[in-house]
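Colleague: This is a predicted model, with the sequence first.
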Amino acid sequence: MSRFPSDAPSRVVVVAPHSTAWTDTHVGKPITCIPGHAPVESAAWAELLSPKASSRTLWVIGSSVMPLWLQPVPEGVRSLTELASVARAHAHQRLGAMNHERDWVVQGDWRADRPFVCQALPRTLFSAMGKAPIVSSPFSLGAARLDARGVRDGWCAITTPFEAHIVYRRRGRHLHLRSWRLSGQASTPLIEQHLVDEWQRERLRTAWPDETLHWLHLGTTHHQTPGQRNLCWADEKLQHAWNQGPQGPEADPPPDEASSHLRAAVRLLNMGVQP
C-alpha cells in the first residue's frame, strides 16, 4: 500500500541537463529515464504528456536547469506586478538575456515585505511541461522538510550529491542564500568540509554568528553523525532512512542527476512533505 498522503502527486518527473526521469509514485513502477530534455519532441515525451497520463504530476527541477536566488525587494515597489518585472530583469542580468524562444519563466513566493526565493526556468521547457505545471525543486522540498521538523531558525544546509545550498532562516523565512554545484561523486567528508568552509565565509559576510549549521542531505551519508564540529543533522529520521537502504524505485544507486533527485523527491513525499 502506498504511504503517500492522499493529496500527493501520483507521479514525479525530474528534468536534469542530460536526462529526464520519472516514476509513478502510487503503483511503485520502476524509474523511466530518457536522455536530454530539449528539444522535447521524442516519443517518450509525447507519452509522458499524453491525455492518458496522470494530471497530478510534480515536476522537480534542480538548480542546474532551474537556477534559484534570493530576490530582494527594492524600495518603492508598489505592486506584485512591478516586483515580478524586477525579478525577470534580475534573471536576465544574472543568467543572461535569451532570445524570444528561450526566455526565462520566473516563479517565486511573491512577497513585497521581505526577500523571497525565485527560480527561473527556460520558457521552451516550461511550455513543454503541459498546462499549468506544478514545479518544485530539491531545495524547495528540502526547505519544506526543515519546516516540518521545526528547523525554522539559524543556518541550514540543503544538499544533494549534485547541488548545495546554505541558507539563513528566521521563522522559516530565508534571509540569506548561497548555492553552488557539486560533482555527484564527492564523498561525504569532502562535502562536509566544503559546507563548513563556505558557511564560515557566509557568517563573516552577514555577521550572523549562530554556532551551528543544520544539515539536510538528500542522499546516503554512510555514517551516523557528521564528522565536522558545529555541523549537525537537521533531520536524523531522514538521514537514518537514507542509511537503512533504499526501497521501491530507490533500489539502485543513482546513476545520474535526474535519478538522484527523483529518489530524493519520492522519499520526501513518502515522509509527508507537500510540494
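Modeller: Nice, I can see it.

Colleague: His217 pairs with what?
Modeller: Beta bridges link His217 to Thr159, judged by DSSP bridges.

Colleague: That one: neighbour count?
Modeller: 25 (other C-beta atoms under 10 Å). Backbone N, C-alpha and C define where each C-beta goes, glycine included.

Colleague: Identify the residues contacting it.
Modeller: 157, 159-160, 188, 191, 239, 242 (C-beta atoms under 8 Å, 6 or more residues apart in numbering).

Colleague: Now do the strands in the stretch 1-150 of the chain.
Modeller: 11-15, 19-24, 32-35, 57-61, 68-71, 104-108, 116-122, 134-136 (DSSP state E, counting those that start in this stretch).

Colleague: Quick one: those strands as TSV, columns for distance to His90, mean neighbour count and mean pLDDT too.
Modeller: Shown next, in TSV, are the strands of the stretch 1-150 of the chain (distance: least, C-beta to C-beta, whole Å; neighbours: other C-beta atoms under 10 Å; pLDDT from 0 to 100):
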stretch	distance to His90	mean neighbour count	mean pLDDT
strand 11-15	23	26	90
strand 19-24	28	22	86
strand 32-35	32	15	81
strand 57-61	19	25	92
strand 68-71	6	20	92
strand 104-108	8	19	88
strand 116-122	8	22	90
strand 134-136	19	19	92
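
Colleague: Specify the stretch among these that is closest to Trp180.
Modeller: strand 68-71 (11.7 Å; C-beta to C-beta).

Colleague: Describe which strands the closest one pairs with in its sheet and in which direction.
Modeller: Strand 68-71 has the following sheet partners, assigned by DSSP bridges: strand 116-122 (antiparallel).

Colleague: tell me the angle the partner strand makes with strand 57-61.
Modeller: Here strand 116-122 points in a direction 100 degrees away from that of strand 57-61 (axes from the mean of the first three to the mean of the last three C-alpha atoms, to 10 degrees).

Colleague: please renumber so the chain begins at 51
Modeller: That works, and once the first residue is 51, the last one we named lands at strand 166-172.

Colleague: Return the backbone torsion pair for Leu232.
Modeller: The phi and psi values for Leu232, taken as degrees, to the nearest 10, are phi -120, psi 160.

Colleague: Distance check, it against His273.
Modeller: As defined by C-beta to C-beta, to the nearest Å, Leu232 lies at a distance of 18 Å from His273.

Colleague: Repeat that for Thr107.
Modeller: To His273, Thr107 is 35 Å away according to C-beta to C-beta.

Colleague: Against Thr174, how distant is the closest residue to Trp119 other than its chain neighbours?
Modeller: Leaving aside its chain neighbours, Trp119 sits nearest to Cys168 (5.8 Å; criterion: C-beta to C-beta, 6 or more residues apart in numbering). Taking C-beta to C-beta as the measure, Cys168 falls 19 Å from Thr174.

Colleague: before we move on, back to that, compare Leu232 and His273 (neighbour count), which wins?
Modeller: Leu232 (17 against 12).

Colleague: Quick one, grab the pLDDT at the more buried one.
Modeller: With respect to pLDDT, Leu232 has a value of 93.
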